[in-house]
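Undergrad: sequence and predicted structure, then a few things I'm wondering about:
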Amino acid sequence: MLTSQAIIADGKGKFSYEDIEVFPPGEDEVLVEVKASGICHTDYDSVMHWEGPFIVGHEGAGVVLEVGEKVSHLKVGDRVILNWAIPCGSCFQCLQGQTNICERNSPVVHGGKWNAGHADLDRTRFRDEGILRSFNLGTMAQHTVVKAAAAIPFDTNISFAPASIIGCGVMTGVGSVLNTAKVERGASVVVIGVGGVGLNIIQGAKISGAEQIIAVDRSAHRLQLSEEFGSTYQVKVDDGEHVLDKVKAEVWQLTGRGADYAFECTGVPALGAAPLMMVRNAGMAVQVSGIEQDLTIDMNLFEWDKIYINPLYGKCDPTKDFPQILEFYDQGRLKLDELISKEYSPRDLHAAFDDMLNGRIAKGVITF
């Protein structure tokens, strides 16, 4: 057993940096010293709305300190990226190749129960009681015990901060383009919301060879960043009526008939139908941000032959996709270091959330 520290959410909208106890890994688990943890909107949403207490964080990278007796693909000292979508390999969805929506292990597909299938609570204790870890990881901690399948080793020349964000934000963005939409060379793409995920959709579209990549956002700073990451045109939106109609008109003027693909990355319920407005007949609208509220949608927006899809985690297969992302990084085709606007200490999460919510950063990372 070792004494560590972690950011604990109380389930009432508050969090604090507290002592925890971390026990040795079970036979199919590993103990990881977390070096960096990405910060995203899901972390903020979890603090504000999930039942507590729990350890915050689901993007992380670190070093293996101890391995369970049945673990063969990892050893002490391995550098690893943590992954929250662990396929069982034998359920219906896994056998169909849809490992990202595994019916047994996914922490989110079972009616939104983010802690479904969590590891034994006695691996991590807080105030003498077992405590849940966000998405079975709890990366905003100095140490965590996770299933060995959740740790993907890497030996490329990348530091822990950019490596940590591969595990969700980068994978979701790039994967939604390459795995879900399968954007073709020469295509036109609209990206609504160019925060951490949106910038990675732009990067994925650039890797795919898209000809037009249109970034849409309220933040002039983020739009400027989007150009550095590959957007070819930027549309700044303001508050007011008929904003989406104005954006649609601009997209139509640029593309001639509407975009081939549109990706919604804000998580704002009012924008749930926005990608349908931006695509041509037989185009594809991708709802990346996972809006789960009830919506009223004008069915005329589906005319004609449009596809609307809500993928989970960019259809991630971590054993294949993480190495591919690292290869893109090594080739200079994917910017990861540049995504990190600022690094924070664990005690500065309040400031990190404030920066994120007010559009001051592309991506923030907590380093230990």
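TA: All right, it came through fine.

Undergrad: how is the chain carved up into domains?
TA: 2-153+336-367, 172-312 (automatic domain parsing).

Undergrad: least reliable of the ones you listed going by mean pLDDT?
TA: The weakest mean pLDDT among the domains of the chain belongs to domain 2-153+336-367, with a mean of 90.

Undergrad: of all the residues in the biggest strand by length in the chain, which ones are buried?
TA: Ordering each strand of the chain by length in residues (DSSP state E) puts strand 29-39 first. Residues 29-39 are the ones in strand 29-39 that count as buried (16 or more other C-beta atoms under 10 Å). (C-beta placed from N, C-alpha, C; glycine too.)

Undergrad: between those residues, which is nearest residue 207?
TA: Taking C-beta to C-beta as the measure, residue 207 lies nearest residue 38 of the buried residues of strand 29-39, at 20.5 Å.

Undergrad: hey, where'd the helices end up in this protein?
TA: 41-49, 92-95, 160-165, 171-175, 196-208, 220-229, 243-255, 274-278, 318-330, 349-357 (DSSP state H).

Undergrad: what lies in contact with the first one?
TA: Taking C-beta atoms under 8 Å, 6 or more residues apart in numbering as the criterion, the residues outside helix 41-49 that touch it are 9, 13-15, 54, 56-58, 114, 134, 140, 168, 195, 267, 353, 356-357.

Undergrad: can you pull the buried residues of it?
TA: 41-44, 46-47.

Undergrad: now do the shortest one
TA: When neighbours are counted by 16+ other C-beta under 10 Å, the buried residues of helix 92-95 are found to be 93-94.

Undergrad: CA atoms only for that helix - export them in PDB, please.
TA: Output of helix 92-95 as PDB, limited to C-alpha atoms (Å, rounded to 0.1, in the frame of the first residue of the first chain):
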ATOM      1  CA  PHE A  92     -21.800  -9.200 -29.600                       C
ATOM      2  CA  GLN A  93     -20.400  -5.700 -30.300                       C
ATOM      3  CA  CYS A  94     -16.800  -6.700 -29.900                       C
ATOM      4  CA  LEU A  95     -17.300  -9.600 -32.300                       C
END
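
Undergrad: same for that helix, what does it pack against?
TA: The helices and strands touching helix 92-95, judged by 3 or more C-beta pairs under 8 Å, 6 or more residues apart in numbering; DSSP states H and E, number zero.

Undergrad: please name the nearest non-neighbouring residue to residue 298.
TA: residue 273 (7.0 Å; C-beta to C-beta, 6 or more residues apart in numbering).

Undergrad: my bad, residue 76
TA: In space, residue 76 is closest to residue 64, 5.7 Å off (C-beta to C-beta, 6+ apart).

Undergrad: name whatever forms a beta bridge with the one you found.
TA: residue 32 (DSSP bridges).

Undergrad: got a list of what it touches?
TA: Residue 64 makes contact with 30-32, 74-80, 151, according to C-beta under 8 Å, 6+ apart.

Undergrad: give me that answer again for 6 Å
TA: 30, 32, 74, 76, 78, 80 (C-beta atoms under 6 Å, 6 or more residues apart in numbering).

Undergrad: same question, residue 145
TA: Taking C-beta under 6 Å, 6+ apart, one finds 25, 29, 31, 123 in contact with residue 145.

Undergrad: cool, and residue 166?
TA: So residue 166 contacts 81, 325 (C-beta under 6 Å, 6+ apart).

Undergrad: for the one 3 residues further on, same thing?
TA: Contacts of residue 169 were listed using C-beta under 6 Å, 6+ apart, and they are 40, 196-197.

Undergrad: check residue 286 too.
TA: Counted by C-beta under 6 Å, 6+ apart, residue 286 has contacts 176, 181, 263, 309.

Undergrad: for these, which one is nearest residue 325?
TA: Nearest to residue 325 among these, counting by C-beta to C-beta, is residue 176 at 12.9 Å.

Undergrad: distance-wise, check that closest one relative to residue 194.
TA: Remark: distance between residue 176 and residue 194 (C-beta to C-beta, to the nearest Å) = 14 Å.
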